[in-house]
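Student: Based on what follows, work out the 3D shape:
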Amino acid sequence: MRHISVIGDDALDWLHGPVRLRTLTALRWLAVAGQTIAIVIVHFALGFPVPLGLSLSVIAASAWLNLFAAFRYSPQRMLSPEEAAGYICFDIVELVALIFLTGGLQNPFSALILAPVVIAASVLPLRQTIIIGVLAIVGVGFLALFHMPLPWLPGETLDFPHTFLAGVWVALTLSILFFATYAHRVAKESEQMRSALAATELVLAREERLAAIGALAAAAAHELGTPLATIQITAKEMASDLKGQGQLEDDAKLLVSQTERCRDILGRLSRRGDEGDVFHDRIRIDSLMKEAADPFINRPDSPIFLFEVSGCADETSAPLLTRKSEIIYGLRNFIENAAAFALTTVRVSAEIGDDSLTISVLDDGPGFAPEVIARLGEPYVSMRTHAHSSTGRKNGMGLGFFIAKTLLERTGAKVLFDNRRHAEDDTIEGARVSARWPLEAIAADSANIS
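Tutor: Predicted coordinates for the structure are as follows:
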């Protein structure tokens, strides 16, 4: 079976972008304002006596930190993960101290300790998130055991049963674990997807640039052909007129030979350009498949490649397609994967329907493992752990299938992955990757071709 290799959290820490100082200070100012308003309302409006001096001193510590950061650093300063974690740890300690002064876990605002943990899980790497989560859990445990009385009516004390407080402690601890894990996972997948889509755009841009260079070379060859022919005719006439004049005759013959060489080079460039104009040229289905597989054919360690086209009387009656970089690159990636795992043969087949075209890449290797099929097409899922690509490339970050699938889907294809099985014993006889297009999405419009 082909096994899956998922890139670990530590290897993907680079996906988390830096945090701006202004973001954390803005959130802290919001916390300072909210905490101050809550303390004032409870103490003066509701009449519950609060240790006002100590509580406002704790809140003032957050305000002083913001003022220090504002004067010491630029608001646009990007914080390292360690610096951001330090700021968030301070927020947790400040919040624990404030809740300690106002009743501990009996205070309904104790749930706010979740906020710094969720923020950390959303923007920081796993290592710093774990440190902050552990600090929050320790803080919750501390508040369960040690705290000042809950502010209540003068002369009265409100005491909650120990069972209730134990339940609050368990609930907050589990909430910290759950919300931190959930927020970190969602943020990581979001960053992975953005990074993978950016890589896809870079790949497509590179393919388009290469195709544009080929088209430019073809245009230059055509444009230079006429003046070069004139130079060649003139050089031949000069050589004829200078016959028998020694060095001058030799120079004229050299000029003729070099112009012929230039014409040969321009001819090759013109033919190469005719093969590579991605958006305006037409291409036969069999040529498309062979072009996608070309880098892997005739290599010393390559399997045998077979190409099939079915659903039409002959190759000449098959519909012509518009050459697109997305299709060629996507199929090439699937063919590369098949060549890496095939035992002897890779078959690339096209089936033409009344209104659709399906191109399949099949190999006779061990097939996809169940967990691979379930996650194929996701970014940062690597399949190269137990095979080596015939192109000689080393194991990557698991973006190949994602990029290929994304590019093909941009052209209107529906991509499917499965295993071929023997009819008799249902054993796996190889992997299959299929891309199915509506013909109208990729067929060349003959009306637009001169």
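Student: Next up, the contacts around residue 25.
Tutor: 66, 69-70, 75 (Cβ atoms under 8 Å, 6 or more residues apart in numbering). For the C-beta atoms, the positions are set from N, CA and C on the backbone; glycine is no exception.
Student: And the helices in this protein?
Tutor: 21-40, 52-72, 81-101, 114-123, 126-145, 162-241, 247-275, 285-293, 325-341, 370-375, 400-410, 439-442 (DSSP state H).
Student: Which of the ones you listed sits closest to residue 427?
Tutor: helix 370-375 (14.3 Å; Cβ to Cβ).
Student: CA-only coordinates of the closest one, as PDB, when you get a sec.
Tutor: The C-alpha coordinates for helix 370-375 follow below in PDB (Å, rounded to 0.1, in the frame of the first residue of the first chain):
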ATOM      1  CA  PRO A 370      -7.400   3.600   2.600                       C
ATOM      2  CA  GLU A 371      -6.100   6.500   4.700                       C
ATOM      3  CA  VAL A 372      -4.400   7.900   1.600                       C
ATOM      4  CA  ILE A 373      -7.600   7.900  -0.500                       C
ATOM      5  CA  ALA A 374      -9.400   9.600   2.300                       C
ATOM      6  CA  ARG A 375      -7.000  12.500   2.400                       C
END
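Student: Could you shift the numbering so residue one becomes 6, and keep it that way?
Tutor: Shifting the count to begin at 6 puts that one at helix 375-380.
Student: packing partners for it?
Tutor: Helices and strands touching helix 375-380, by 3 or more Cβ pairs under 8 Å, 6 or more residues apart in numbering; DSSP states H and E, are strand 419-426.
Student: Off-centre distance for the strand it packs on?
Tutor: Counting by Cα atoms, centre = their mean, to the nearest Å, strand 419-426 is centred 23 Å from the centre of its parent chain.
Student: Relative to it, what are the paired strands and their orientations?
Tutor: Strand 419-426 pairs in its sheet with strand 433-443 (antiparallel), by DSSP bridges.
Student: Please spell out which residues along the strand it pairs with are buried.
Tutor: Judged by neighbour count using 16 or more other Cβ atoms under 10 Å, the buried positions of strand 433-443 are 434-442.
Student: now stretch 152-161
Tutor: Applying 16+ other Cβ under 10 Å to stretch 152-161 flags 152, 155-157 as buried.
Student: so who does residue 105 touch?
Tutor: 147-148, 151-153 are the contacts of residue 105 under Cβ under 8 Å, 6+ apart.
Student: one more time with 6 Å
Tutor: Counting by Cβ atoms under 6 Å, 6 or more residues apart in numbering, residue 105 touches residue 152.
Student: That one and residue 111, how far apart?
Tutor: Relative to residue 111, residue 105 is positioned 11 Å away (Cβ to Cβ, to the nearest Å).
Student: go on, residue 91?
Tutor: From residue 91 to residue 111 the distance is 30 Å (Cβ to Cβ).
Student: just residue 44 next, same as before
Tutor: Counting by Cβ to Cβ, the gap from residue 44 to residue 111 is 16 Å.
Student: for residue 339, same thing?
Tutor: 61 Å.
Student: For those two, indicate the residue with more neighbours.
Tutor: When residue 339 and residue 111 are compared on other Cβ atoms under 10 Å, the one with more neighbours turns out to be residue 339, at 29 against 21.
Student: I'd say the more buried one and residue 438 touch.
Tutor: Yes: using Cβ atoms under 6 Å, residue 339 is in contact with residue 438, at 4.6 Å.
Student: which residues are common contacts for those two?
Tutor: With Cβ under 6 Å, 6+ apart, residue 339 and residue 438 have common neighbours residue 366.
Student: can I assume residue 337 is in contact with residue 297?
Tutor: Yes: if you go by Cβ under 6 Å, residue 337 and residue 297 touch, sitting 4.5 Å apart.
Student: any weak-confidence spans in the stretch 6-155 of the chain?
Tutor: 6-22 (pLDDT under 70).
Student: how about 50 then?
Tutor: Filtered on pLDDT under 50, the stretch 6-155 of the chain yields the residue ranges 8-14, 16-17, 19-20.
Student: returning to that earlier point: so which of the helices of the chain comes closest to residue 367?
Tutor: helix 330-346 (7.1 Å).
Student: on contacts alone, who are the packing partners of the closest one?
Tutor: helix 167-246, helix 290-298, strand 361-368, helix 405-415 (3 or more Cβ pairs under 6 Å, 6 or more residues apart in numbering; DSSP states H and E).
Student: Looking at those, which is nearest to residue 269?
Tutor: Nearest of the helices and strands packed on helix 330-346 (Cβ to Cβ): helix 167-246, 10.7 Å.
Student: quick one: average confidence on the closest one?
Tutor: Across helix 167-246, pLDDT averages out at 78.
Student: tell me which residues form a beta bridge with the closest residue to residue 419 other than its chain neighbours?
Tutor: Nearest non-adjacent residue to residue 419, counting by Cβ to Cβ, 6 or more residues apart in numbering: residue 441, 5.0 Å away. Counting by DSSP bridges, residue 441 is bridged to residue 363, residue 419.
Student: any idea how far residue 357 is from residue 441?
Tutor: 11 Å.
Student: that older thread, my guess is the residue nearest to residue 419 contacts residue 421. True?
Tutor: No: counting by Cβ under 6 Å, residue 441 does not reach residue 421; the two are 7.5 Å apart.
Student: in the stretch 256-405 of the chain, which ranges drop under the pLDDT threshold?
Tutor: If you take pLDDT under 50 as the line, the stretch 256-405 of the chain has these spans: 278-285, 389-402.
Student: residues contacting the closest residue to residue 97 other than its chain neighbours?
Tutor: In space, and not counting its chain neighbours, residue 97 is closest to residue 121: 5.1 Å by Cβ to Cβ, 6+ apart. With contact set as Cβ under 6 Å, 6+ apart, residue 121 has these partners: 93, 96-97.
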